[in-house]
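A.B. asks: what follows is a predicted structure for the sequence shown.
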Amino acid sequence: MSLTNKDKFLEVAVEAALASSDLIMEALSQPKIIDRKGKTDLVTKTDRASEVLIKSIIRSFFPSHRILAEESGFNNIESEFLWIIDPLDGTTNFVHGYPSFAVSIGLLHKNIPLISVVLEMPNIKLYSAIQSEGVWCEGKSIKCSSTKRLINSLLTTGFGYVHEDLWEKNMILFKHFTNLTQGVRRLGAAAIDICHVADGKIDGFWEYDLKPWDTAAGILIAKEAGCIVSNLSGNPYDIRKDNNILIANPNIYDEILNEIKSI
Ligand code: IPD
Ligand code: CA
Ligand code: CA
C-alpha cells in the first residue's frame, strides 16, 4: 500500500464526512422526519440522506470497493477494500438537538483498519487516522491520557436499544465504575466516545451490543493514539465477530478489565 493511496483514501473519506456534516447541520434546525427501527431506535430522513451522499462520494472515486453502511447493508461488490459507514452516529441526540452526534467512516483493507474519519458535531471536530502513520484532531496529533489509576479516571459507556440481559449487565457496571472512578459519562454516540478516549478527554470506554459501523473508524483512531482496544474478555477486538468493546489508556486498561471480569 503506497502512501499516496492512503492519502487519497483519507482525502475522499474527509470529503464525504464534510459533505455529510453540512447536510446534517442544515437539517438540525428543521423538523425531523422520524421512523422507528425498534421501540426507541430512531432513524431519520437525515440518516438516510447522509448515507446516500457518503456512498455516492466513495463510489465516485472507488467504484470497485465493497461498502457496508448502517441503513442499507452491504453493496454487492467483492473487494479487499471495505468501507464501513455510520451516516449519523447519535441519532437520538440529533433528534433532540443534544450536542453529541457524528459521521463515522472507516476503510478496512483485508479486514485491517487502514483509514478513519469521525466528524463530531455540532461543535465540529474532525478526527482522522492513517494506519501506522498517526492520528489527528483538526490536523493536530493526539494521544490518549496518561492517568494511572482508576480512582483518578473518567470513563464513558453506552447502552444499546435492546433492553435485555446485556443492558441490565451494563447498568450494574455503570454503578460499579461510578463508585470506583471520578465518574462515568453516557453521551450517546459511540464514535465520539471512542475519539474522546483517543484524545485523552476520557480515560476509558466500554460498551456491549455495538455494530461494526459504531466502531470501524474509532478503533484505528484509538489504536493510533496509543489506546488498548479489545473485546470485553480481553482478547483483540475483531470487528467481524465482537459486539462488545473495551478501549482505554494502557495504564488503566488492566484495572478496568479486571473489574469487568469480577462482576
Ligand atoms: C448508537 C450510539 C450510542 C450507542 C448505541 C448505538 P446510532 O448509534 O452510538 O452511543 O450506545 O449502541 O447504536 O443508532 O445513534 O447510530
Ligand atoms: Ca451508531
Ligand atoms: Ca447511525
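C.D. replies: Arrived safely. Ligands and ions are numbered 1, 2, ... in the order given.
A.B. asks: would you list the phi and psi of the nearest residue to residue 113 once chain neighbours are set aside?
C.D. replies: Leaving out its chain neighbours, the residue that sits closest to residue 113 by CB to CB, 6 or more residues apart in numbering is residue 220, at 3.8 Å. Placement of C-beta: from N, CA and C, glycine included. Residue 220 adopts backbone torsions of phi -70, psi -40, taken as degrees, to the nearest 10.
A.B. asks: cool, the one 5 residues further on as well?
C.D. replies: Geometry field for residue 225 lists phi and psi as phi -90, psi 0, criterion degrees, to the nearest 10.
A.B. asks: list the contacts of it.
C.D. replies: By CB atoms under 8 Å, 6 or more residues apart in numbering, the contact set of residue 225 is 129, 135, 142-144, 197-200.
A.B. asks: what subset of these is buried?
C.D. replies: 129, 135, 142, 144, 197-200 (16 or more other CB atoms under 10 Å).
A.B. asks: make CSV out of those and add secondary structure.
C.D. replies: As requested, these are exported to CSV (DSSP: H, G, I helix; E, B strand; the rest coil):
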residue, secondary structure
129, strand
135, strand
142, coil
144, coil
197, helix
198, helix
199, coil
200, coil
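A.B. asks: now these in a markdown table, with distance to ligand 2 and pLDDT?
C.D. replies: Formatted as a markdown table, the buried ones among the contacts of residue 225 follow (distance: CB to the ion, whole Å; pLDDT from 0 to 100):
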| residue | distance to ligand 2 | pLDDT |
| --- | --- | --- |
| 129 | 18 | 98 |
| 135 | 20 | 98 |
| 142 | 22 | 98 |
| 144 | 22 | 98 |
| 197 | 16 | 98 |
| 198 | 17 | 98 |
| 199 | 19 | 98 |
| 200 | 23 | 98 |
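A.B. asks: does the residue most central in space within the chain count as helix, strand or coil?
C.D. replies: Nearest to the centroid of the C-alpha atoms of the chain, with distances taken as CA atoms, centre = their mean, sits residue 191, at 2.3 Å. Secondary structure, three-state DSSP: residue 191 is helix.
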